[in-house]
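In: please work out how this folds:
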Amino acid sequence: MTLVSARELVTDAAARGTGIGAFNVIHLETAEGLVRASADAGLPVILQISQNCADYHGGLEPIALATLAVARRAQTPVAVHLDHAERPELVDEAIALGFGSVMFDGGALPYDENVALTAAVAERAHAAGVYVEGELGEVGGKDGAHAPGVRTDPDEARAFVAATRVDALAVAVGSSHAMTDRTASLDLELIARLRDALDVPLVLHGSSGVADAVIADAVRAGMTKINVSTHLNGFFTRAIRSTLGADDRLVDSRKYLAPAREALAGEAARMLRLFALESAAVAG
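Out: Here you go, the predicted model:
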């Protein structure tokens, strides 16, 4: 398969009333494991590179080029997406590198500033044929749309989409980033209201903290793009701990990264099936 845009994957999932998994790349092994998961599940996947990930690697280009190369060799449709970019120049770099979709995160900004910056980014991205995700929580807020208790107002969301012309919208409905337990409670009624108010797909960030059954209910209520990072990182890291704990003389990093990559791939494949509302995955 060739590299595809998130536009194609998200639009198709929205039309089907199912979800599409968008999983964060941390390093090359993550990207490889996620592509393996897509092949095993027989379902498409979106590989996301965040601003934090780019900064960790000393810049976007090294990890972006590696991830794009892995995606191009995939057996299934794979998109590469820029996640949580708070610097407009990082969006411009991603577009130049060949990303098919970008997210500009102005969720922590005052509403008017979020609108102005997101609209400017969307205009440049659309000129390059790139799909754009925006984020809206409430006015201000240090932690943006995914601070505890923040909720996205449907009327404000409709005005935001009209003013910015974003193609998808990340909304605040009860999830929170970096949760290591899966106890978040989502406002399913609000998700349905947002779905009815908007003509663009909805994006759920912070899905690591949401239990399987609740995610499936959220997809049925109207969520389309489901972002996961911390939950999968846990599988990767626990596998490393287990491998190293079994052999204190192990020094070849490939020997412990390979099992970690496999552990991540297995869980990511399961989550792809869950988001697609495949009956066995939802029941499990």
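In: ok, residue 76 to residue 36 distance?
Out: In this view, residue 76 and residue 36 are 10 Å apart by C-beta to C-beta, to the nearest Å. The C-beta positions use only the backbone N, C-alpha and C, and glycine is treated the same way.
In: for these two, indicate the residue with more neighbours.
Out: Ranked by neighbour count (other C-beta atoms under 10 Å), residue 76 and residue 36 place residue 36 first, with 21 against 18.
In: what sits against the more buried one?
Out: 261-262, 265, 269 (C-beta atoms under 8 Å, 6 or more residues apart in numbering).
In: assign a three-state SS to the residue lying farthest from the centre of the chain, would you?
Out: Among residues of the chain, the one most distant from the C-alpha centroid is residue 249; the distance is 36.9 Å, by C-alpha atoms, centre = their mean. Classification of residue 249 by DSSP: H, G, I helix; E, B strand; the rest coil places it in coil.
In: just the mean pLDDT for the lengthiest helix in the chain, thanks.
Out: Of all the segments of type helix in the chain, defined by DSSP state H, the longest one is helix 253-275. Helix 253-275 shows a mean pLDDT of 97.
In: so which other helices or strands are in contact with it?
Out: Of the remaining helices and strands, those touching helix 253-275 by 3 or more C-beta pairs under 8 Å, 6 or more residues apart in numbering; DSSP states H and E are strand 20-24, helix 28-41, helix 212-221, strand 223-228, helix 230-246, helix 279-283.
In: tilt between the first one and helix 212-221?
Out: Strand 20-24 and helix 212-221 meet at an angle of 120 degrees, taking axes from the mean of the first three to the mean of the last three C-alpha atoms, to 10 degrees as the criterion.
In: by contact count, what packs against strand 20-24?
Out: Against strand 20-24 (3+ C-beta pairs under 8 Å, 6+ apart) you get helix 6-16, helix 28-41, strand 45-50, strand 78-85, strand 223-228, helix 253-275.
In: where in the stretch 51-200 of the chain is pLDDT low?
Out: Under the criterion of pLDDT under 70, the regions of the stretch 51-200 of the chain flagged as low confidence span 137-150, 175-185.
In: strands of that one, start to end?
Out: 78-85, 101-104, 131-136, 168-171 (DSSP state E, counting those that start in this stretch).
In: please save the CA atoms from the longest one in PDB.
Out: Listed next in PDB are the C-alpha coordinates belonging to strand 78-85 (Å, rounded to 0.1, in the frame of the first residue of the first chain):
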ATOM      1  CA  VAL A  78      -1.100   4.100   6.900                       C
ATOM      2  CA  ALA A  79      -1.200   7.800   7.400                       C
ATOM      3  CA  VAL A  80       1.400  10.000   9.200                       C
ATOM      4  CA  HIS A  81       0.100  12.900  11.200                       C
ATOM      5  CA  LEU A  82       1.600  15.800  13.200                       C
ATOM      6  CA  ASP A  83       0.100  15.800  16.700                       C
ATOM      7  CA  HIS A  84      -0.200  18.600  19.200                       C
ATOM      8  CA  ALA A  85       1.900  21.200  17.400                       C
END
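In: how close does residue 200 sit to residue 208?
Out: Between residue 200 and residue 208 the computed distance is 24 Å (C-beta to C-beta).
In: comparing the helices and strands packed on helix 253-275 by mean pLDDT, which bottoms out?
Out: helix 279-283 (a mean of 57).
In: how far away is residue 209 from residue 231?
Out: The value you get for residue 209 to residue 231, if C-beta to C-beta is used, is 8 Å.
In: go on, residue 58?
Out: On the measure of C-beta to C-beta, residue 58 and residue 231 end up 26 Å apart.
In: of those two, who's got more company?
Out: Here residue 58 and residue 231 are set side by side on neighbour count (other C-beta under 10 Å), and the busier one is residue 231, at 19 against 9.
In: so the more buried one makes contact with residue 210?
Out: No - under the criterion of C-beta atoms under 8 Å, residue 231 is not in contact with residue 210, lying 9.0 Å apart.
In: quick one: which of the helices and strands packed on strand 20-24 is nearest residue 235?
Out: Residue 235 sits nearest to helix 253-275 of all the helices and strands packed on strand 20-24, at 4.6 Å, using C-beta to C-beta.
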